[in-house]
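*Asks:* Could you look at this predicted model? Sequence included:
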Amino acid sequence: MPPLPEILAQLNADMRATDDWGDVAAYIPQLASVDPAQFGIAITTADGEVFTAGDADTPFSVQSITKVFTLAIALGRSGDQLWKRVGREPSGRAFNSIVQLEAEQGRPRNPFINAGAIVTTDEVLTGREPRETLAEILQFVRAAASDDDIHINETVAASETAHGHRNFALAHFLASCGNLNNPPEKTLGTYFHHCAIDMSARQLAMAGRFLIETDKLPRMILPPRIRRLNALMLTCGHYDGSGDFAYRVGLPAKSGVGGGILAIVPGRASIAVWSPGLNRYGNSKKGTQAMARLAREMGWSIF
Ligand SMILES: NC(=O)CC[C@H](N)C(=O)O
């Protein structure tokens, strides 16, 4: 097998060789105006090595990938009590589905679809102000990445709020079912802001290290919880494309509508890939292709 830097350089070249980049998210202008023809990848290993290729230092909107960090904090705060409010089954529906939430009386299917992440955000927010909650989330992400240069993009957050009709519908429905502790506007404001964190692929791969489960790195959460977060990423991390991603790649992973994907190779590595064009499930098109090839070439599938 060629060394990892060579594999990444070849992957980067091959991803750029075709122009089927997919379509960027169009629901807010800040994402709609991103050039789809970009690709970056970063890998951090349990041994502390970092490998990158392509646009690995370009910041992008991590969006739903922050749901992993919020869930880790919510579980740290509330433990298994959280599961009274949100389930842990794959949704088989779009990430912003309204119909499923009604059919299931306001208990979202899992913490990685929008309704579920609104609930975990609400849980972390309970008893605090949005400012403190966002500071806690940012602090967690920065500590995980060993990098203080990670920030919330206020323009993206404002735009999410201005265009967030569907998320408002989900939050109000949750409130009507008694599954929101805070006013919908307050919880959503916090949710929109943590989704609006910008990171590069390098920063995201670094931030994912706490999910690797190894004695070689500082521990941020307990091993049983790491395993459970990984299980949820595998089964629910790509919305209604989760089965397809598990089939093609075979790694626990979480995607965001900004075109990022964070994948974990248990015991070995954290991988972040970014390419803003999306496939029909709203997951990065080239990012998924690249992950599939990398996992195959490195023999990294967990199966
Ligand atoms: N899939 C995503 O990344 C969705 C996150 C986005 N902020 C939303 O709420 O719609």
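*Replies:* Right, received. Where do you want to start? These numbers were taken from a predicted model, which means no experiment stands behind them.

*Asks:* Now do the buried residues in the longest helix anywhere in the chain.
*Replies:* Longest helix in the chain by number of residues (criterion: DSSP state H): helix 130-145. Buried residues in helix 130-145, counting neighbours by 16 or more other C-beta atoms under 10 Å, are found at Pro130, Thr133, Leu134, Glu136, Ile137, Leu138, Phe140, Val141, Arg142, Ala144, Ala145. C-beta here means a position set from N, CA and C on the backbone, and glycine is covered the same way.

*Asks:* and if you look at stretch 241-250?
*Replies:* By 16+ other C-beta under 10 Å, the buried positions in stretch 241-250 come out as Gly241, Ser242, Phe245, Ala246, Arg248, Val249, Gly250.

*Asks:* same deal with stretch 79-91?
*Replies:* Applying a neighbour-count criterion of 16+ other C-beta under 10 Å, the buried positions in stretch 79-91 are Leu82, Arg85, Val86, Gly87, Arg88, Pro90, Ser91.

*Asks:* Leaving out sequence neighbours, find the closest residue to Gly116.
*Replies:* Nearest-residue entry for Gly116: Pro108, 3.7 Å, with adjacent residues in sequence omitted and distances by C-beta to C-beta, 6 or more residues apart in numbering.

*Asks:* So which bits of this protein are right by the ligand?
*Replies:* Contact residues (C-beta under 6 Å from any ligand atom) of the chain with the ligand: Gln63, Ser64, Phe95, Asn96, Asn114, Glu160, Asn167, Cys195, Gly256, Val257, Gly282.

*Asks:* Mark which of those residues are buried, thanks.
*Replies:* Members of the residues of the chain next to the ligand that pass the buried threshold by neighbour count (16+ other C-beta under 10 Å) are listed as Gln63, Ser64, Phe95, Asn96, Asn114, Glu160, Asn167, Cys195, Gly256, Val257, Gly282.

*Asks:* any idea which of those is closest to Ala263?
*Replies:* The shortest gap between Ala263 and any of those belongs to Gly256, at 12.5 Å (C-beta to C-beta).

*Asks:* Let me see the contact set for the closest one.
*Replies:* The contact partners of Gly256, taken as C-beta atoms under 8 Å, 6 or more residues apart in numbering, are Ser61, Val62, Gln63, Ser64, Ile65, Thr66, Cys195.

*Asks:* do that again at 7 Å, thanks
*Replies:* Taking C-beta atoms under 7 Å, 6 or more residues apart in numbering as the criterion, Gly256 is in contact with Val62, Gln63, Ser64, Ile65.

*Asks:* What separation do you get for the nearest residue to the last one once chain neighbours are set aside and Gln81?
*Replies:* On the basis of C-beta to C-beta, 6+ apart, the spatially nearest residue to Ile65 that is not a chain neighbour turns out to be Gly256, at 4.2 Å. Using C-beta to C-beta, to the nearest Å, one gets 27 Å for the distance from Gly256 to Gln81.

*Asks:* what do you get for Tyr239?
*Replies:* Counting by C-beta to C-beta, the gap from Tyr239 to Gln81 is 25 Å.

*Asks:* Ile28 too?
*Replies:* The spacing between Ile28 and Gln81, counted by C-beta to C-beta, is 34 Å.

*Asks:* need the next SSE after the host helix or strand of Arg202, C-terminal direction.
*Replies:* Using DSSP states H and E, Arg202 falls within helix 201-207. Past helix 201-207, further along toward the C-terminus, the next helix or strand under DSSP H and E is helix 223-236.

*Asks:* What are the buried residues along that following helix?
*Replies:* Of the residues in helix 223-236, Arg225, Ile226, Arg228, Leu229, Asn230, Leu232, Met233, Leu234, Thr235, Cys236 count as buried by neighbour count, 16+ other C-beta under 10 Å.

*Asks:* Point to the residue nearest the middle of this structure.
*Replies:* Among the residues of the chain, the smallest C-alpha distance to the mean C-alpha position (C-alpha atoms, centre = their mean) belongs to Ile65, namely 1.3 Å.

*Asks:* For that residue, which three-state class applies?
*Replies:* Secondary structure, DSSP: H, G, I helix; E, B strand; the rest coil: Ile65 is helix.
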